[in-house]
Each structure stands twice: as C-alpha cells, then as structure tokens.
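K.L.:
quick one: sequence plus predicted model below, questions after.
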Amino acid sequence: MDDWKRVLAESITKPKDLAKRLGVDPREVEEVVGPYPMRITPTVLATIKERGDAIWKQVVPDAVEMNDFDAPDDPLEEDTDSPVPHLVHRYPDRVLLMVTNQCPIYCRFCTRKRLVGKPGFLKKGELDQAIAYLREHTEVRDVILSGGDPLLLPDHLIERILKALRTIPHLELIRFGSRVPGTLPQRITPELCEIVKRYHPIYMNLHFNHPDELTPDVKAACGRLADAGVPLGAQTVLLKGVNDDAAVMKRLMHELLLARVKPYYLYQADLTKGTNHFRTSVETGLSIIQSLQGHTSGMAVPHFVIDAPGGGGKIPLLPSDYLLNLDENGAVLKNYENKTYHYPQPDPITPHPGPLPEGNSGRLRELPMVGTSASEGLCSLGAMDE
C-alpha cells in the first residue's frame with residue numbers, strides 16, 4: 001500500500017476512536033456522524049492543542065450541527081447549473097468538475113455537506129459525458145477539478161482525467177481545488193508531481209484556515225508542488241472562533257507566503273445546513289481586510305468574497321471608506337493611515353492640429369528624466385515594488 005493510503009487509513013472516522021484519542025463522549029457525536037461523516041487525518045490530529053481550539057472546531061463533530069435544518073442543502077444552487085452529471089457551468093468561460101465525493105478530512109462547515117463522504121468516484125461514462133460537453137462548448141477555457149478532493153484519486157485516475165481534458169483544443173487551464181497538502185501531505189509524492197508536470201499549465205488552490213495548519217511537513221508538500229511548476233493559491237473560509245481575528249489572519253497569510261502559496265480568496269461562510277454556528281458578520285470580514293491592507297504586503301491580502309446564495313457567484317467586497325467620493329473632478333481616497341488624497345480625472349485628449357514637425361515623423365519624442373539625479377529618476381518607479 002502506498003504510504004499516503006496507509007496514513008489515510010489511520011484517520012479517525014468513528015465516535016469510539018474519537019473518544020479514545022480526544023476524550024469526547026461518543027454519544028455527543030454519534031447523531032452528527034450519521035448524516036455528516038467524520039474523518040480526521042493523523043496530520044490534523046497532531047495539530048490539535050486543546051479542546052475547542054481552532055483546529056478542533058474545524059474537524060470534530062458538534063451537536064450544534066443538527067440545529068439549523070431550515071438552511072438549504074445546496075445554498076449555491078450548483079445542481080441547478082449542472083448540465084451533465086458532476087459538472088457545474090456557472091461562469092461563461094470556466095466550469096467546475098467534481099471528480100470524487102471523498103475528502104482527506106470532513107470540514108464541519110463544508111458547503112457540500114450534502115455530497116461529501118459518500119462512496120464513489122467519477123465513473124468513466126460520466127467523465128465521457130463531461131468531456132463531450134466541454135468539446136461542444138468552445139467558450140470554456142478553464143476547468144476546476146473539485147469534489148470532494150481530486151487529489152484523493154489514485155494516480156492513474158488523475159492521469160486519465162488530465163489526459164482526457166488535454167485532448168480538448170480550446171481548454172487552456174486546469175485547476176485543482178484541494179485540502180490534501182494541508183491535511184495529508186504524504187499524498188504529494190514524486191510520482192504525483194511527475195504526472196502533474198506532464199499536463200501543464202496546471203494551477204492549484206489549496207484550502208487553509210489557520211496558521212497552525214502550516215506545519216513543516218505541510219510546507220514541504222507545498223514546496224514539492226511548487227517545484228513541479230504548479231502555481232499555488234490559497235482559499236480561506238472566515239470562521240467564528242477559528243480565524244475571525246485580524247492577528248490570526250495576518251499570521252496565516254504570512255505563513256502561506258512562506259510556504260510559496262499566494263493568498264487568493266477569503267470567503268464569507270456559506271448558508272449551508274448544519275454550519276450556521278460558524279458564520280460571522282460581513283463587517284468582520286471587511287474589518288480584517290482593512291487590517292491587512294497597507295499594513296502588510298499586497299501579496300498577503302486575499303480577495304474577500306461572498307459566494308452569493310441562489311447561484312449568484314462570487315461577489316468581491318472592499319471596505320467602503322477607501323473611496324470617499326468619485327465625480328468628474330476625480331477620486332477622493334483614504335489610505336490605510338486614514339490620510340485623504342485626491343486623484344484627478346484625465347483631461348480630455350485634444351487631437352493634434354496638424355502633421356508632426358519635420359524630422360519627427362515615425363519617432364517618439366524624447367521624454368525628460370523624472371527628478372534631478374539618477375536616484376531621483378528611479379524614485380518614480382518605487383510604487384511598482386509594493
């Protein structure tokens with residue numbers, strides 16, 4: 001057995017095992033684990049420091065999950081936008097292809113609680129249907145492999161899917177959405193990296209919610225993917241009691257960059273059945289973004305988005321007080337230090353009244369140097385480094 005499969009098999013999936021390892025009363029979780037399966041890998045288990053901490057909340061079932069059954073099963077209405085099995089086509093030029101229902105861990109806040117944990121991979125006939133649909137829809141240039149977690153598929157199935165997708169001429173990008181590197185780093189094998197390298201350009205968006213998830217083994221797994229030429233991004237869900245704190249979020253973003261993972265999205269938690277206790281106010285997310293903007297590198301500031309209920313797609317939000325006014329005279333702006341600045345609108349362009357002066361035809365006018373010295377001239381480029 002591959003080492004990663006052995007490690008996965010050692011995960012906690014039963015209430016009695018949870019009781020032995022974490023001292024939880026199995027009767028407290030048995031009712032929850034029925035509809036909402038549990039899996040906690042050894043990597044994740046080792047990062048739990050105490051009862052109720054940020055990692056615990058993400059993976060240990062809680063009876064409160066049974067309280068909000070009025071919420072929808074499919075809050076983003078993915079099933080409505082699914083023209084063939086397992087494929088969601090919501091945006092004009094990209095689709096989501098769910099290739100498995102299995103995950104290395106089962107997040108207690110998962111948007112797809114209705115699907116994950118059930119047996120089954122994408123069947124060959126279903127893959128053929130998805131490939132046929134993509135061939136017909138030449139506007140699609142980008143496919144995101146999701147689920148479940150596509151990196152839980154065995155190597156030969158991952159290669160089968162990638163090979164089939166690369167037969168579609170208009171398909172440019174293939175992306176993976178995965179929590180495997182952060183929860184089952186043993187899965188990122190040299191063999192997997194070699195497969196991925198054969199089908200570039202491939203991108204991966206990895207799921208991380210707390211800085212304690214970035215262990216040395218996890219960073220090493222991310223490094224193996226980066227060394228295989230895979231650009232890595234991070235998707236984070238804003239969760240009450242986990243990361244709804246500016247200092248924690250800033251530390252997470254810094255740890256991600258050290259692991260060669262670029263922060264990409266910070267999601268407001270979805271309106272999913274059994275997850276309402278994780279939701280924060282929208283203002284909390286805006287405040288966290290404001291605490292990052294200008295106070296750390298722009299690379300460490302993710303896009304804060306709400307995936308709109310009812311299938312509206314991702315809608316970005318920014319703190320509203322950055323733009324104080326906008327009219328024909330320009331924009332009035334406030335920066336991270338609460339200082340106000342005015343950016344003027346460009347003057348209307350006046351057409352040149354006649355031909356260029358003799359001798360200048362076909363040549364650009366030489367521009368004056370900015371500043372009075374070489375060092376001053378370079379200063380005008382300083383903002384490009386931020």
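P.N.:
Received the coordinates, thanks.
K.L.:
the stretch 201-350 of the chain: helices as residue ranges?
P.N.:
Using DSSP state H, counting those that start in this stretch, the helices of the stretch 201-350 of the chain run over residues 216-227, 246-258, 282-292.
K.L.:
flag the shaky bits of the protein, pLDDT-wise.
P.N.:
Low-confidence segments of the chain (pLDDT under 70): 1, 69, 120, 350-386.
K.L.:
ranges for the strands of the stretch 1-150 of the chain?
P.N.:
87-91, 94-98, 142-146 (DSSP state E, counting those that start in this stretch).
K.L.:
sorry, back to before: out of the helices of the stretch 201-350 of the chain, flag the one nearest D70.
P.N.:
Checking the helices of the stretch 201-350 of the chain against D70 by CB to CB gives helix 282-292 as the closest, at 20.5 Å. The C-beta positions use only the backbone N, C-alpha and C, and glycine is treated the same way.
K.L.:
how is the protein divided into domains?
P.N.:
79-318, 322-349 (automatic domain parsing).
K.L.:
run a quick neighbour tally on the nearest residue to P190 once chain neighbours are set aside.
P.N.:
Nearest residue to P190, sequence neighbours excluded (CB to CB, 6 or more residues apart in numbering): R224, at 7.5 Å. Using other CB atoms under 10 Å, R224 has 16 neighbouring residues.
K.L.:
R224 and Y203, how far apart?
P.N.:
For R224, the distance to Y203 (CB to CB, to the nearest Å) stands at 15 Å.
K.L.:
still on that earlier bit, just put the domains of the chain in a markdown table and tack on distance to D3.
P.N.:
As requested, the domains of the chain are arranged in a markdown table below (distance: least, CB to CB, whole Å):
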| stretch | distance to D3 |
| --- | --- |
| domain 79-318 | 5 |
| domain 322-349 | 46 |
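K.L.:
okay, the ones you listed, which one's buried deepest?
P.N.:
domain 79-318 (a mean of 18; mean count of other CB atoms under 10 Å).
K.L.:
can you give me the end-to-end distance of that domain?
P.N.:
29 Å (CA to CA, to the nearest Å).
K.L.:
just the helices in the stretch 51-200 of the chain please.
P.N.:
Counting by DSSP H, counting those that start in this stretch, the helices of the stretch 51-200 of the chain are 54-59, 124-136, 155-165, 180-183, 190-197.
K.L.:
now the ones you listed in CSV, with distance to G274?
P.N.:
Output for those, formatted as CSV (distance: least, CB to CB, whole Å):
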stretch, distance to G274
helix 54-59, 14
helix 124-136, 27
helix 155-165, 30
helix 180-183, 20
helix 190-197, 32
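K.L.:
so which of those comes closest to E30?
P.N.:
Judging the helices of the stretch 51-200 of the chain by CB to CB, what sits closest to E30 is helix 54-59, at 16.3 Å.
K.L.:
and P319, how many neighbours?
P.N.:
By other CB under 10 Å, the residues close to P319 number 18.
K.L.:
skipping its backbone neighbours, what lies nearest R166 in space?
P.N.:
Residue nearest to R166 in three dimensions, not counting chain neighbours: Y199, with 5.5 Å by CB to CB, 6+ apart.
K.L.:
do the same with L286
P.N.:
That would be P319: by CB to CB, 6+ apart, it lies 5.0 Å from L286.
K.L.:
list the contacts for the one you found?
P.N.:
Counting by CB atoms under 8 Å, 6 or more residues apart in numbering, P319 touches 286-287, 289-290, 293.
K.L.:
looking at those residues, spot the one nearest G312.
P.N.:
For these, the residue nearest G312 by CB to CB is L286; the value is 18.6 Å.
K.L.:
that closest one touches V305, doesn't it?
P.N.:
No. Taking contacts as CB atoms under 8 Å, L286 lies outside contact range of V305: 11.7 Å.
K.L.:
which ones are touching G311?
P.N.:
76-78, 80-81, 90.
K.L.:
nearest residue to it in space, please, no chain neighbours.
P.N.:
E77 (3.6 Å).
K.L.:
about what we covered before: and the residue nearest to R166, how far from Y106?
P.N.:
The gap separating Y199 from Y106 is 28 Å, by CB to CB.
K.L.:
what does L96 give?
P.N.:
19 Å.
K.L.:
tabulate the strands of the stretch 1-150 of the chain (TSV), appending distance to T41.
P.N.:
As requested, these are exported to TSV (distance: least, CB to CB, whole Å):
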stretch	distance to T41
strand 87-91	27
strand 94-98	21
strand 142-146	19
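K.L.:
among those, which is nearest M249?
P.N.:
For the strands of the stretch 1-150 of the chain, distance to M249 was read as CB to CB. The smallest value, 24.0 Å, belongs to strand 142-146.
K.L.:
mind giving me the packing neighbours of that closest one?
P.N.:
Applying 3 or more CB pairs under 8 Å, 6 or more residues apart in numbering; DSSP states H and E, one finds that strand 142-146 contacts strand 94-98, strand 173-178.
K.L.:
I'd like the distance from that strand to the chain centre, please.
P.N.:
In terms of CA atoms, centre = their mean, to the nearest Å, the centre of strand 142-146 is set 12 Å apart from its chain centre.
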